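Visitor: coords below, sequence missing:
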């Protein structure tokens, strides 16, 4: 006889496994069929959630009620607490984005990216809130301006997952790719920090100028504190991987656990956790490059990608489920104005900011690239997660904002996400040409690419007697890596291999000595007796580089 079925003992893990399995099945169907050529993956997950919500509502009569504290599916007794988003779903998404961001391309375009992410986001918020406030007499409910400003903040968070997948498939130029990727990463961080500041202001009955100054000061303090804590955990992670070189099974756990501890540490002291974990993920990559084997790096990257995609899929799935919730308040005018403002304001902000950025850029951002950047402002998981965390007692129009957020996400994902690929081809956006894999390409993009580029630059600076703009930062980072955070076993392997090792450069031209942080072994530039400028480069295995100018009369 079969034992009695104890459903209540395993209902929660079984439900979680059911939804995760459903996500896996949806992804398999998406990638095995031709649907992926027409619509983004997130739209499939939303559709699947929509279908599941319809089945629960029509056949079982279960209502998905969205409350400030938790999700409740009546009749199923499934509870997912509000902290799920900020403590469990958001950190993996932010960590994977920071870790997988192209490091050098990001810092080469950091000025333009900051212009889009900081100035552009603030302008988006102000313009969208202004437009919503102009149409406020036509809404069903009266909404204070501070509530509209808070809603404009969370609805300004962009999610370019669908756009980036199209970019990778078509192989668009690197400038367009890194600006869209970098802007979305920092945009999310700026939006979340502003969201918390404005959410606090929304609790104040009468807002005065001192409250605004306090909010600005809080924004700067929280952002700066997140960066500092993130950098501290970068060194913790580097040291931990340095002393665990012989225990490769532990290293992926270190790369995942310490950034998450960074996020929790930031949140515990009221700093920006997302800025902290993004900083940690972005900056730890060069330091881990010398301590992790290729197998460990692949394991770490794949697991980060898996966690990030799963967390995003869960958010989109619940978004589709929530469409059939009876707590929705549909305001056609509010939703229409919001969708129109999100699309139009994006173009209004991107084009002037790009004009300012192009004035100082060597490689200009073309007009067609600007159109793609503006059109690719899709909304996604961050918007939906933030709107769910609004306090119903403070924001009385929360249900209407949730409904409008769902409308904006569905519109941008289904309409803009599905048409971005044809638009890229129609505008003939410049793509990257496929080049043959040369030895130089392998060296520059290989395991020691970060160190090799700095080595070459250090040698060039020593020869010409000039320093680049990033000399101080680059030299400091390389010095710390070579002295403290890099494992000795990898240093020995580098000496035996083809990498170039060392610690510094000594320039003796004109009798002046300079320490240049580089890792070239030894360069000796010799001027011929007849002054013909011929030179030779020799390697003597020393810890610094001697740059010597010899003439027929001896040393100068």
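Guide: Great, that's in hand. Computed from a predicted structure; not experimentally measured.
Visitor: For this protein, give me the ranges with low pLDDT.
Guide: 1-8, 36-37, 56-83, 162, 325-326, 433-455, 457-458, 467-556 (pLDDT under 70).
Visitor: now the helices for the stretch 151-300 of the chain?
Guide: Under the criterion DSSP state H, counting those that start in this stretch, helices of the stretch 151-300 of the chain are mapped to 161-170, 174-201, 209-242, 251-268, 273-288, 294-322.
Visitor: And the longest one, what does it pack against?
Guide: Just to be clear, that refers to helix 209-242. helix 174-201, helix 251-268, helix 273-288 (3 or more Cβ pairs under 8 Å, 6 or more residues apart in numbering; DSSP states H and E). C-beta: built from backbone N, CA, C; applies to glycine.
Visitor: Just the buried positions in the first one, please.
Guide: Spelled out, it's helix 174-201. Under the neighbour-count criterion of 16 or more other Cβ atoms under 10 Å, helix 174-201 has 174-199, 201 buried.
Visitor: what does the second one give?
Guide: Buried residues in helix 251-268, counted by 16+ other Cβ under 10 Å: 251-252, 254-256, 258-263, 265-267.
Visitor: For the host helix or strand of residue 122, buried residues please.
Guide: Assessed by DSSP states H and E, residue 122 sits inside helix 121-134. If you call a residue buried by 16+ other Cβ under 10 Å, then helix 121-134 has these buried ones: 121, 123-125, 127-129, 131-132.
Visitor: So which of those is the closest to residue 287?
Guide: Relative to residue 287, the closest of the buried residues of helix 121-134 is residue 121; by Cβ to Cβ it sits at 29.3 Å.
Visitor: Check the spacing between residue 233 and residue 215 real quick.
Guide: Plainly put, residue 233 is 27 Å away from residue 215 if you go by Cβ to Cβ, to the nearest Å.
Visitor: ok, now residue 92?
Guide: Distance from residue 92 to residue 215, by Cβ to Cβ: 29 Å.
Visitor: Pick out whichever of those two has more residues nearby.
Guide: residue 92 (24 against 18; other Cβ atoms under 10 Å).
Visitor: Test my guess that residue 420 contacts residue 373.
Guide: No. Look at residue 420 against residue 373 with Cβ atoms under 8 Å: they stay out of range, at 11.1 Å.
Visitor: Please produce JSON lines containing the helices and strands packed on helix 209-242, extended by distance to residue 380.
Guide: Below are the helices and strands packed on helix 209-242 laid out as JSON lines (distance: least, Cβ to Cβ, whole Å):
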{"stretch": "helix 174-201", "distance to residue 380": "10"}
{"stretch": "helix 251-268", "distance to residue 380": "20"}
{"stretch": "helix 273-288", "distance to residue 380": "15"}
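Visitor: nearest to residue 225, of these?
Guide: Closest approach to residue 225 among the helices and strands packed on helix 209-242 is made by helix 251-268 (7.1 Å; Cβ to Cβ).
Visitor: what angle do that closest one and helix 273-288 make?
Guide: 150 degrees (axes from the mean of the first three to the mean of the last three Cα atoms, to 10 degrees).
Visitor: quick one: helix 251-268 to chain centroid distance?
Guide: 16 Å (Cα atoms, centre = their mean, to the nearest Å).
Visitor: before we move on, what about stretch 268-276?
Guide: Remark: stretch 268-276 is offset 16 Å from the chain centroid, using Cα atoms, centre = their mean.
Visitor: where's residue 404, which helix or strand?
Guide: Going by DSSP H and E, residue 404 is in helix 398-411.
Visitor: what's next to that helix, contact-wise?
Guide: For helix 398-411, the surrounding residues in contact (Cβ atoms under 8 Å, 6 or more residues apart in numbering) are 46, 66, 68, 140-141, 151, 154-155, 319, 322-323, 327-331, 334-335, 338-339, 342, 379-380, 383-384, 387-388, 390-392, 395.
Visitor: Now a ChimeraX select for only the buried ones of those residues.
Guide: Selection of buried members from the contacts of helix 398-411 for ChimeraX, criterion 16+ other Cβ under 10 Å:
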select :46,66,151,154,155,319,322,323,328,331,334,335,338,339,342,379,380,383,384,387,388,390,395
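Visitor: Tell me how far residue 85 lies from residue 389.
Guide: For residue 85, the distance to residue 389 - Cβ to Cβ - is 7 Å.
Visitor: Tell me which of these two has more neighbours.
Guide: residue 85 (21 against 16).
Visitor: Which residues are in contact with the more buried one?
Guide: Residue 85 sits next to 315, 385, 388-389 when contact means Cβ under 8 Å, 6+ apart.
Visitor: Of these, which is the nearest to residue 307?
Guide: When the contacts of residue 85 are compared against residue 307 (criterion: Cβ to Cβ), the nearest one is residue 315, at 13.0 Å.
Visitor: Residue 311: which of the buried residues of helix 121-134 is nearest?
Guide: residue 121 (22.4 Å).
Visitor: I'd guessed that closest one sits against residue 188; true?
Guide: No. At 9.4 Å, residue 121 does not count as touching residue 188 under the criterion of Cβ under 8 Å.
Visitor: Please name the nearest non-neighbouring residue to residue 150.
Guide: residue 198 (4.6 Å; Cβ to Cβ, 6 or more residues apart in numbering).
Visitor: scratch that, residue 114
Guide: Nearest to residue 114 is residue 186, by Cβ to Cβ, 6+ apart, at 7.0 Å.
Visitor: Does the one you found touch residue 115 like I think?
Guide: No. Using Cβ under 8 Å, residue 186 is not in contact with residue 115; the gap is 10.4 Å.
Visitor: what about residue 106, is that helix, strand or coil?
Guide: Of the three states, residue 106 takes helix according to DSSP: H, G, I helix; E, B strand; the rest coil.
Visitor: What is the burial count for it?
Guide: Neighbours of residue 106 under the rule other Cβ under 10 Å: 18.
Visitor: Let me see the contact set for it.
Guide: Counting by Cβ under 8 Å, 6+ apart, residue 106 has contacts 113, 178, 181-182, 282.
Visitor: before we move on, the earlier item: so which of the helices and strands packed on helix 209-242 comes closest to residue 167?
Guide: helix 174-201 (5.2 Å).
Visitor: what does stretch 32-50 contact?
Guide: Outside stretch 32-50, the residues touching it (Cβ under 8 Å, 6+ apart) are 22-23, 26-27, 29-30, 159, 161-162, 165-166, 312-313, 316-324, 380, 409-410, 413-414, 417-418, 421.
Visitor: Please report the distance of residue 383 from residue 340.
Guide: Counting by Cβ to Cβ, the gap from residue 383 to residue 340 is 16 Å.
Visitor: any idea how far stretch 287-304 is from the chain center?
Guide: Its chain's C-alpha centre and that of stretch 287-304 lie 18 Å apart, by Cα atoms, centre = their mean.
Visitor: so residue 416 makes contact with residue 379?
Guide: No. Under the criterion of Cβ under 8 Å, residue 416 is not in contact with residue 379, lying 9.3 Å apart.
Visitor: now the closest residue to residue 154 other than its chain neighbours: how far from residue 262?
Guide: In this structure, residue 154 finds its nearest non-sequential neighbour in residue 386, 3.9 Å apart by Cβ to Cβ, 6+ apart. Using Cβ to Cβ, residue 386 is found at 21 Å from residue 262.
Visitor: Of the contacts of residue 85, which belong to helices?
Guide: Residues of the contacts of residue 85 located in helices (DSSP state H): 315, 385, 388.
Visitor: Report the spatially nearest residue to the first one, omitting neighbours in sequence.
Guide: The shortest distance from residue 315 to any non-neighbouring residue, by Cβ to Cβ, 6+ apart, is to residue 381 (3.9 Å).
Visitor: tally of neighbours for the nearest residue to residue 295 once chain neighbours are set aside?
Guide: Using Cβ to Cβ, 6+ apart and skipping residues adjacent in sequence, the residue nearest residue 295 is residue 248, 7.0 Å away. Neighbourhood size, residue 248 [other Cβ under 10 Å]: 13.
Visitor: do you know how far residue 248 is from residue 215?
Guide: For residue 248, the distance to residue 215 (Cβ to Cβ) stands at 46 Å.
Visitor: same question, residue 135
Guide: With Cβ to Cβ as the criterion, residue 135 and residue 215 are 25 Å apart.
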